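Participant: need a structure here:
(one chain, ligands or ions: 1)
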Amino acid sequence: MESHKKLLLANKAWVQDKLSIHPDYFARMEKTQTPEYLWIGCSDSRVPAEEVTGREPGELFVHRNIANLIIHTDFNMLSVLQYAVEVLKVKHIIICGHYGCGGIKNALSHKHLGLINKWLRHIKDIYRFHRRELDAIANEDAKWRRLVELNVMEQVTNLAETSIVQQVWTRGGVLTVHGWVYDLHTGLLHELALMNAESALDPIFKFDFES
Ligand code: CO
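Facilitator: Sure thing, here's the model as predicted:
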């Protein structure tokens, strides 16, 4: 069997499975979505958002890109963020990195990989900000793991610096930004950072919405 046919066959089995438990499963799903969480993760095939968090369709609004980056000129990510926060009114944004991330590893190297170099350049900047700490780590795997963590924490701050998130906080809305890391070796998620309306932001990134 051609490999893509397996997917279509598995889809039919999945539909039967859902209908056997809830005959109105798709009728209910079709009506609306009210996810409580926005998940921003890596495109890596080993970190499926719903599966590792035990969520069903309809529970997570998902955006994934290589190395889970928040780039302030990325209109794809910004559109997802704005829609999730302002229209769906999610209460939690989870930015999830993972140990063993190829994007982070390549950013630590000097490999020329084509267009992707431009995306990974943002990770090199994080390396530059934390060079002293990272260069003090002799073990290459440990350095890689630490940059995975620093990248997640940096992206949490990047999210907090968007006007989209700041506007919710200014209006007294409830929105928490979580930074997590997934361990491919154990399957476990670990909390690294958290920001909410009370968190301190570097003043230069604060917007004055009144003026
Ligand atoms: Co990755």
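
Participant: please count neighbours and contacts with C-alpha atoms only from this point.
Facilitator: Fine.

Participant: quick one: contacts for the closest residue to residue 101 other than its chain neighbours?
Facilitator: Nearest residue to residue 101, sequence neighbours excluded (Cα to Cα, 6 or more residues apart in numbering): residue 67, at 6.8 Å. Applying Cα atoms under 8 Å, 6 or more residues apart in numbering, we find residue 67 in contact with 41, 42, 43, 97, 101, 102, 103, 104.

Participant: touching, residue 58 and residue 31? I think so.
Facilitator: No - counting by Cα atoms under 8 Å, residue 58 stays clear of residue 31, with 10.6 Å between them.

Participant: those two - which one has more neighbours?
Facilitator: residue 58 (15 against 7; other Cα atoms under 10 Å).

Participant: mind splitting the chain into its structural domains?
Facilitator: Following automatic domain parsing, the chain resolves into domains at 1-31, 35-205.

Participant: comparing those domains by mean pLDDT, which bottoms out?
Facilitator: Mean pLDDT per stretch puts domain 1-31 lowest among the domains of the chain, at a mean of 94.

Participant: what's the closest of the domains of the chain to the ion?
Facilitator: domain 35-205 (3.6 Å; Cα to the ion).

Participant: what residues does the chain put near the ion?
Facilitator: Residues of the chain that fall close to the ion, judged by Cα under 5 Å from the ion: 42, 44, 67, 101.

Participant: at 8 Å what do you get?
Facilitator: 42-44, 66-68, 97-104 (Cα under 8 Å from the ion).

Participant: and of these, the nearest to residue 203?
Facilitator: Comparing the residues of the chain next to the ion against residue 203 with Cα to Cα places residue 68 closest, at 24.8 Å.

Participant: please give me every residue in contact with the closest one.
Facilitator: 40, 41, 42, 43, 95, 96, 97, 152, 155.

Participant: over to residue 178?
Facilitator: So residue 178 contacts 92, 93, 94, 95, 156, 191, 192, 193, 194, 195 (Cα under 8 Å, 6+ apart).

Participant: helix/strand/coil for residue 192?
Facilitator: State at residue 192, reduced to three classes by DSSP: H, G, I helix; E, B strand; the rest coil: strand.
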